[in-house]
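Peer 1: no sequence for this one, just the structure:
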């Protein structure tokens with residue numbers, strides 16, 4: 001079944017990415033889910049395409065998708081279907097972010113992607129992340145490695161923190177946690193060669209997986225932000241924990257991803 005999952009996941013990511021690319025420089029209808037958390041009509045359009053493609057092949061699978069029901073007339077009205085009748089979680093679940101980097105997209109900043117993960121019996125089995133502007137398709141299958149446009153990828157071999165390029169992101173509730181976030185940022189910034197904040201956690205994680213970044217950290221992310229990237233980094237040989245060094249799962253309050261070699265040093269900076 002995993003071959004079919006990968007084929008459908010890839011098809012859905014490419015189709016949604018085509019919508020993102022087509023709408024990128026057009027005027028957007030933007031609404032706010034939070035003070036600084038926007039959603040556009042393109043988020044909904046891309047999500048509907050993904051759900052339609054997957055549902056046609058797997059009508060009994062569950063979904064955990066970022067956007068709620070769309071205001072568009074032809075919307076699919078059932079998303080976030082993580083429970084079946086009877087209250088039991090479905091054995092197969094797709095975790096979807098149709099547009100990771102909506103703030104960037106709404107402002108015309110070219111850093112955003114489609115992110116889709118597939119979970120079987122509670123374990124991530126497949127992930128695909130597509131950057132439509134660069135036409136870069138990242139894929140990972142459990143136990144089979146990670147690839148970029150069909151070519152195997154691995155994390156970097158950087159061994160020194162002062163030679164490392166690290167990525168971060170800021171949570172949507174940054175205004176409530178500004179002092180501690182800035183303190184943590186300063187500790188890392190003072191130790192690394194460079195620090196980047198590009199605005200798409202899924203792409204940041206892909207860049208760790210393929211060695212462009214040596215590490216990535218952020219707090220208050222959602223399952224759809226990290227599910228596909230988590231599998232990507234693990235299959236590329238990297239390491240992922242919480243800021244405290246514990247095991248990371250999709251409900252963890254924060255995430256540190258790295259090439260593995262630099263992980264303990266980065267943990268030390270994040271802990272203070």
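Peer 2: Everything's here; your move. Every value quoted in this text rests on a predicted model; they were computed, and no experiment measured them.

Peer 1: ok, residue 105 - contacts?
Peer 2: 20, 24, 28, 40, 42, 99, 112 (C-beta atoms under 8 Å, 6 or more residues apart in numbering). In short, each C-beta sits where N, CA and C put it, glycine included.

Peer 1: Once you drop chain neighbours, what's closest to the last one?
Peer 2: Spatial nearest neighbour of residue 112, chain neighbours left out: residue 101 (3.1 Å); criterion: C-beta to C-beta, 6 or more residues apart in numbering.

Peer 1: Need phi/psi at that neighbour.
Peer 2: phi 110, psi 40 (degrees, to the nearest 10).

Peer 1: what's the residue closest to the geometric middle of this structure?
Peer 2: In the chain, the residue lying closest to the centroid (C-alpha atoms, centre = their mean) is residue 202, at 2.9 Å.

Peer 1: ok, and for the stretch of helix or strand that residue belongs to, which residues are buried?
Peer 2: Using DSSP states H and E, residue 202 sits in helix 201-209. For helix 201-209, burial by neighbour count (16 or more other C-beta atoms under 10 Å) applies to 201, 202, 203, 204, 205, 206, 207, 208, 209.

Peer 1: Ok, stretch 232-249 next?
Peer 2: 232-243, 248.

Peer 1: So which of those are in helices?
Peer 2: 232, 233, 234, 235 (DSSP state H).

Peer 1: So the first one is in contact with residue 137, correct?
Peer 2: No. Here residue 232 lies out of contact with residue 137, judged by C-beta atoms under 8 Å, at a distance of 11.5 Å.

Peer 1: how about low-confidence regions in the stretch 151-272 of the chain?
Peer 2: 272 (pLDDT under 70).

Peer 1: Show me where it has its strands.
Peer 2: 151-152, 165-168, 194-196, 215-219, 239-241, 254-258 (DSSP state E, counting those that start in this stretch).

Peer 1: so which of these comes closest to residue 47?
Peer 2: Distance to residue 47, taken as C-beta to C-beta, is lowest for strand 215-219 among the strands of the stretch 151-272 of the chain, at 22.3 Å.

Peer 1: ok, the closest one: who's next to it in the sheet?
Peer 2: When pairing is defined by DSSP bridges, strand 215-219 lines up against strand 165-168 (parallel), strand 254-258 (antiparallel).

Peer 1: got the angle between that strand and helix 201-209?
Peer 2: Angle, strand 215-219 to helix 201-209, by axes from the mean of the first three to the mean of the last three C-alpha atoms, to 10 degrees: 150 degrees.

Peer 1: ok, residues contacting strand 215-219?
Peer 2: Contacts to strand 215-219, defined as C-beta under 8 Å, 6+ apart, come from residues 164, 166-171, 177, 181, 184, 188, 201, 204-205, 207-208, 243, 253-259, 262-263, 266, 270.

Peer 1: Of those, keep whichever come out buried.
Peer 2: Looking at these with 16+ other C-beta under 10 Å, the buried ones turn out to be 164, 166-171, 181, 184, 188, 201, 204-205, 207-208, 243, 254-259, 262-263, 266, 270.

Peer 1: so where do the helices sit in the stretch 1-150 of the chain?
Peer 2: With helices called from DSSP state H, counting those that start in this stretch, the stretch 1-150 of the chain shows them at 2-23, 41-57, 102-107.
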